[in-house]
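Asks: what would the 3D arrangement of this be:
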Amino acid sequence: MSDEVQIISNTDVSKVTLHSVEDRPGIAADIFSTLGTQGFNIELVSSVPVSKGKANLSFVIAKEELPSVLAAIEPLKREVKAEKISHDSRIALVSISGHELIRQAGIAGRMFKSLSSAGINIEMISTSMSSITCIISEESMVDAVKALEREFEIKPHK
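Replies: Numbering: from 1, shown residues only. Next up is the predicted model:
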């Protein structure tokens, strides 16, 4: 499997969450259009319903951009009716990627079980046809990479 799957990790990221925003068409467009026109690159987005008509909207950005992103979204807080904005810079992204992941049944389960067995909690998950990305605590990154290297029989990077 090592030729088919590679592990990508990044600890130079921060998570921003807008809490209890209105859950209606256009919210994500408003937020991410504003950030995009200001030159910010969003690495991952997750929306989770929290109550009827409300959702938490979280996204991941480069750690160095956090102060600027917070300043950019503060004016949107009222417009999207967010209760508050929070952030966490003690996170990391760990991904497995490969062109054939979509064709491999159970690959997500293997990744999640491997991280769980190493005692690593997953905060967010994003998937595509060629990758699965998990947000974990920054302090868990080394153990996560080792666990995934074992699971997918990938030789450690030196």
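Asks: alpha carbons only for contacts and neighbour counts from here, please
Replies: Fine.
Asks: what about the closest residue to residue 102 other than its chain neighbours, which SS state?
Replies: Closest residue to residue 102 apart from its sequence neighbours, by Cα to Cα, 6 or more residues apart in numbering: residue 129 at 5.2 Å. Residue 129 carries the three-state label coil when classified by DSSP: H, G, I helix; E, B strand; the rest coil.
Asks: mind jotting down where the helices sit in this structure?
Replies: 27-37, 66-73, 76-79, 107-117, 141-151 (DSSP state H).
Asks: any idea which of those gets closest to residue 17?
Replies: Nearest of the helices of the chain to residue 17, taken as Cα to Cα: helix 66-73 at 10.1 Å.
Asks: for that closest one, which positions count as buried?
Replies: For helix 66-73, burial by neighbour count (16 or more other Cα atoms under 10 Å) applies to 66, 69, 72-73.
Asks: follow-up on the earlier one: any idea how far the residue nearest to residue 102 lies from residue 107?
Replies: 12 Å (Cα to Cα, to the nearest Å).
Asks: circling back to that earlier point, can I get the helices of the chain in a markdown table with distance to residue 55 and mean pLDDT?
Replies: A markdown table is the format used below for the helices of the chain (distance: least, Cα to Cα, whole Å; pLDDT from 0 to 100):
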| stretch | distance to residue 55 | mean pLDDT |
| --- | --- | --- |
| helix 27-37 | 10 | 93 |
| helix 66-73 | 16 | 96 |
| helix 76-79 | 13 | 89 |
| helix 107-117 | 25 | 95 |
| helix 141-151 | 28 | 96 |
